[in-house]
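*Asks:* Following is a predicted model, sequence given first.
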Amino acid sequence: MRILLVEDDPSLASGIRLALKPEHYTVDHLSDGTTALNALTEGEPFDAVILDLGLPRMDGMAVLNAVRRHGSQVPILVLTARDAVDDRIAGLDAGADDYLTKPFEVAELKARLRALLRRSQGQISSILSCRGIRLDPHTFNVSYQGQDVSLSRRELTLLQEFMSHPGRVFTRDTLTRLVYGWDEDVESNAIEVHIHHLRRKLFTDVIRTVRGIGYVMDKSKDDA
C-alpha cells in the first residue's frame, strides 16, 4: 500500500515513516501543501494520505478542500494539533475520513490507517483472498491452498497491491512507485524479478502479463 505523508515537522515525519515501515507500507513524504496538492491531483495514485493541517505554502485544510473538489476519493487521515471540536468538525465536513490529534499513540495511528484502507476497498475483514491465496495485512502471513508461503518484503507489498485490486492492470512504472516510492534507486528489471519470484512461489499464472501494458491478477471465478 502506498501512503502519502504530508507533515512539515522532520522529526515527526521520520518517526512516522519508521513506525510504518514494518507494516509493509510504501510511505512517500512531502512537507508543504502546494507540493502535496500537485502530487495528489497530477501524479500516480496513493492508497491513503496522512495530512497535517499546519503546513507551509498551503494550509492542510485548503489541500483537503482542493483534493475533494478535484474529485479524488483517496482516504485522508488528518493528523494535527488542532484539537477543538469545531476544528474536527470542519475537517470531517471538508472531506477527511478520520481525524487524529497530536500527540498520539503509534498503535492508534496504525489501527486507524488499517481501518481506512479496509473501508476504501469495501472490506469488512482485513484478510485478502483471491484464487486460493490468503494474505493477512496485519500479520503478513500468506498461504496458498492452505500452505504457508514465505515472501520477501517487496514480494509481499507487490502481492498485496494485486490482491487489493484484482482485475486492474498495473504498468511497470506504477508498480515501481507503489513498491519503492520516490526515494530509492531501482534496477530497471526489479518488478519483473519480483513477479518471477511470486510465480515460482505461488503458481505460474498468479500474475498475468498484459503485453505492451503491464501486469494483472485476474479475479477469481467467484468474483467475476
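*Replies:* Looks like it came in fine. Numbering: from 1, shown residues only.
*Asks:* Name the next helix or strand downstream of the longest helix seen in the chain, please.
*Replies:* Looking across the chain with DSSP state H, the single longest helix is helix 106-120. Per DSSP states H and E, the first helix or strand lying C-terminal to helix 106-120 is strand 128-130.
*Asks:* and the following helix or strand past that following strand, what does it pack onto?
*Replies:* Next helix or strand after strand 128-130 toward the C-terminus (DSSP H and E): strand 133-135. Here strand 133-135 touches strand 128-130, strand 142-144, helix 153-164, going by 3 or more Cβ pairs under 8 Å, 6 or more residues apart in numbering; DSSP states H and E. C-beta coordinates here come from the backbone N, C-alpha and C atoms, glycine included.
*Asks:* The second one - contacts with which helices or strands?
*Replies:* Going back to what we said before, that points to strand 142-144. strand 133-135, strand 147-149.
*Asks:* swap the cut-off to 7 Å and go again
*Replies:* Judged by 3 or more Cβ pairs under 7 Å, 6 or more residues apart in numbering; DSSP states H and E, the packing partners of strand 142-144 are strand 133-135.
*Asks:* Mean confidence (pLDDT) on the strand it packs on, please.
*Replies:* For strand 133-135, the mean pLDDT works out to 95.
*Asks:* partners of that strand in the sheet?
*Replies:* strand 128-130 (antiparallel), strand 142-144 (antiparallel) (DSSP bridges).
*Asks:* Looking at those, which is nearest to Gln160?
*Replies:* Gln160 lies closest, by Cβ to Cβ, to one member of those: strand 128-130, at 6.8 Å.
*Asks:* any residues touching that closest one, and which ones?
*Replies:* For strand 128-130, contacts defined as Cβ atoms under 7 Å, 6 or more residues apart in numbering pick out 135, 137, 160, 163-164, 166, 217, 220.
*Asks:* Let's see that with 10 Å instead.
*Replies:* 121, 134-137, 142-143, 159-160, 162-164, 166-167, 206, 217-220, 222-223 (Cβ atoms under 10 Å, 6 or more residues apart in numbering).
*Asks:* tell me the SS of Asp83?
*Replies:* coil (DSSP: H, G, I helix; E, B strand; the rest coil).
*Asks:* Setting the sequence-adjacent residues aside, check what's closest to it.
*Replies:* What sits nearest to Asp83 in space, not counting adjacent residues and going by Cβ to Cβ, 6 or more residues apart in numbering, is Thr101, at 4.2 Å.
*Asks:* quick revisit: check the strands paired with strand 133-135 for me: which has the lowest mean pLDDT.
*Replies:* Set side by side, these differ in mean pLDDT, and strand 128-130 is lowest with a mean of 91.
*Asks:* ok, back up a step: what about the residue nearest to Asp83, neighbour count?
*Replies:* A count of nearby residues for Thr101, using other Cβ atoms under 10 Å, gives 14.
*Asks:* returning to what we had before: nearest to Ile89 among the strands paired with strand 133-135 would be which one?
*Replies:* Among the strands paired with strand 133-135, strand 128-130 comes nearest to Ile89, with 33.9 Å by Cβ to Cβ.
*Asks:* hey, where'd the strands end up in the protein?
*Replies:* 2-6, 26-30, 48-51, 76-80, 98-101, 128-130, 133-135, 142-144, 147-149, 169-170, 208-210, 214-216 (DSSP state E).
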